[in-house]
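Student: Here you go, sequence then predicted model.
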Amino acid sequence: GGGGGGGAGAGGAGGRGSPDGGPSDTMGAGDRPSMDGSSITPPGPNTPLERAALLACLVNSSGGPILDQVIAYKPHVGLWLGDNVYSDTTDPVRFAAALAVLGNNPRFKALKAICPQQHAVWDDHDYGINNGGSSHPTKAPMQQVHQDFWGVPKDSPARMQPGTYTSYTQGPAGKRVQVILLDCRYNRTGSTMLGTTQWDWLAEKLDEPADFRIIGDGVPWIAGTEDECWPKWPAEQKKMFDLIKAKKVSGVVFASGDDHACEVNRAPGALGYDAIDITAAGLDRGTGGNTNPLRISPRVTTVNKFGYINFEWSADPVITLGCFIMGKTTPEFEVARKLSELKGS
């Protein structure tokens, strides 16, 4: 899956504002420098999360010069949204070897040294079948290889579940972020994206207390421009939005990979408030422009880039979604929302 070959620079909506004229939606490239070079101590579980790097689609597992920029951003957590390696194999031994190349990459080692919290779900190229779903002959042992590499304890209940989905929570009450990463490959058929067990697990996770929640996976949630995306499973997309709405879960922001671009899309009112998805993929892959009326940011299509989510713990906390490209210390765009804007009526 994912967009095509080499890309141009940022396209789509430019400058400030969104296509519907909302002046606070998007900040331009020079507005808010986010890479100040300050030193960061990896936070403990009760330290408020401030910076999350969104990482996906790395073809050259031994290279990835954009990872130097990720390190300079000094994230508190790295969230890998799939195609983390392009192993394209259903052989667990070959998959492990491909992951070992990434694990031995000095840049990846340096990232883990400053940011030990690295959480990952796979998409099709590390799952092993392009655009693949549930009919994968070796997905169970492949899952164990994935979880070995990403540090899932051998005795974790996650080892027994059908898929690589995972969750992570950081911060004290009032400043708590829950990350939920979903596996849209292992159980997917023509009628379901997640499968019954994963849906039930998600419903339980949404009952846990949190202020902001990042729900991430390998394919876009809102934009229907890719071959593989939640809008192509409309009943499942509706089920997701309705579940969040019925539980009155506030503070949700989606994150996704696959499309080799960085952009933010919005589905107005879908959660009882706007559903917002930052697609952040293409650590060393680019793509082209497209027409998308749901996009509320520029579309960044250059080859070396990563997305991020920042948290500002003010009286009305703010979540900011953005994108950096290699060689620039100011973001290509930022889209900010106050927590009070991410609540149903």
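Tutor: Okay, I see it.

Student: model confidence over stretch 183-194, on average?
Tutor: Averaged over stretch 183-194, pLDDT sits at 98.

Student: how far does that stretch stretch from start to finish?
Tutor: 7 Å (C-alpha to C-alpha, to the nearest Å).

Student: Could you list the buried residues of it?
Tutor: By neighbour count on 16 or more other C-beta atoms under 10 Å, the buried set for stretch 183-194 is Asp183, Cys184, Arg185, Tyr186, Asn187, Arg188, Thr192, Met193, Leu194. Just so you know, the C-beta spots here come from the backbone N, C-alpha and C atoms, and that holds for glycine as well.

Student: can you list contacts of it?
Tutor: Here stretch 183-194 makes contact (C-beta atoms under 8 Å, 6 or more residues apart in numbering) with 121-124, 127, 132-134, 136, 139, 143, 162-165, 182, 195, 197-199, 202, 217-219, 230, 233, 235-236.

Student: 7 Å instead?
Tutor: With C-beta atoms under 7 Å, 6 or more residues apart in numbering as the test, stretch 183-194 has contacts from 121-124, 127, 132-134, 139, 162-165, 182, 195, 198, 217-219, 230, 233, 236.

Student: again, but for stretch 202-218
Tutor: 52, 79, 81-82, 121-123, 167, 169, 173-182, 184-185, 243-244, 247, 249, 251-258, 309, 311, 317, 319, 339.

Student: Can I get it in PDB? Just the C-alpha atoms.
Tutor: Taking Å, rounded to 0.1, in the frame of the first residue of the first chain, the C-alpha atoms of stretch 202-218 are listed here in PDB:
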ATOM      1  CA  LEU A 202     -10.600  -1.300  21.900                       C
ATOM      2  CA  ALA A 203     -14.000  -0.800  23.600                       C
ATOM      3  CA  GLU A 204     -12.400  -1.700  26.900                       C
ATOM      4  CA  LYS A 205      -9.400   0.600  26.300                       C
ATOM      5  CA  LEU A 206     -11.600   3.500  25.600                       C
ATOM      6  CA  ASP A 207     -13.100   3.100  29.100                       C
ATOM      7  CA  GLU A 208      -9.700   3.800  30.700                       C
ATOM      8  CA  PRO A 209      -9.200   7.400  32.000                       C
ATOM      9  CA  ALA A 210      -7.300   9.800  29.700                       C
ATOM     10  CA  ASP A 211      -7.400  13.400  28.700                       C
ATOM     11  CA  PHE A 212      -6.100  13.100  25.100                       C
ATOM     12  CA  ARG A 213      -6.100   9.800  23.100                       C
ATOM     13  CA  ILE A 214      -4.100   9.100  20.000                       C
ATOM     14  CA  ILE A 215      -5.600   6.200  18.000                       C
ATOM     15  CA  GLY A 216      -3.200   5.200  15.300                       C
ATOM     16  CA  ASP A 217      -3.000   2.500  12.600                       C
ATOM     17  CA  GLY A 218      -1.400   1.800   9.300                       C
END
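
Student: Give me the buried positions along that stretch.
Tutor: For stretch 202-218, by 16+ other C-beta under 10 Å, it's Leu202, Lys205, Leu206, Ala210, Asp211, Phe212, Arg213, Ile214, Ile215, Gly216, Asp217, Gly218.

Student: returning to that earlier point: weed out the non-buried ones from the contacts of stretch 202-218.
Tutor: Buried among these (16+ other C-beta under 10 Å): 52, 79, 81-82, 121-123, 167, 169, 175-182, 184-185, 244, 249, 251-258, 309, 311, 317, 319, 339.

Student: Arg295 contacts Arg266, doesn't it?
Tutor: No - counting by C-beta atoms under 7 Å, Arg295 does not reach Arg266; the two are 8.0 Å apart.

Student: Assumed His95 was part of a strand.
Tutor: Slight slip there: residue 95 is Phe, not His. No - counting by DSSP: H, G, I helix; E, B strand; the rest coil, Phe95 falls outside a strand, being helix.

Student: List the strands paired with the strand or helix carrying Ile276, with their directions.
Tutor: Assigned by DSSP states H and E, Ile276 belongs to strand 275-280. Strand 275-280 has its sheet partners listed here by DSSP bridges as strand 252-256 (parallel), strand 262-267 (antiparallel).

Student: could the ones you listed be laid out in CSV, adding mean pLDDT?
Tutor: As requested, the strands paired with strand 275-280 are exported to CSV (pLDDT from 0 to 100):
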stretch, mean pLDDT
strand 252-256, 98
strand 262-267, 98
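
Student: could you pull out the helices for the stretch 101-250 of the chain?
Tutor: 106-114, 124-127, 139-149, 196-205, 234-246 (DSSP state H, counting those that start in this stretch).

Student: chain center to the third one, what's the gap?
Tutor: From the chain centre to the centre of helix 139-149 is a distance of 20 Å (C-alpha atoms, centre = their mean, to the nearest Å).

Student: which of the residues in that helix are buried?
Tutor: Lys139, Met142, Gln143, Val145, His146, Gln147, Phe149.

Student: If anything else comes up later, I'll come back, but that's it for now.
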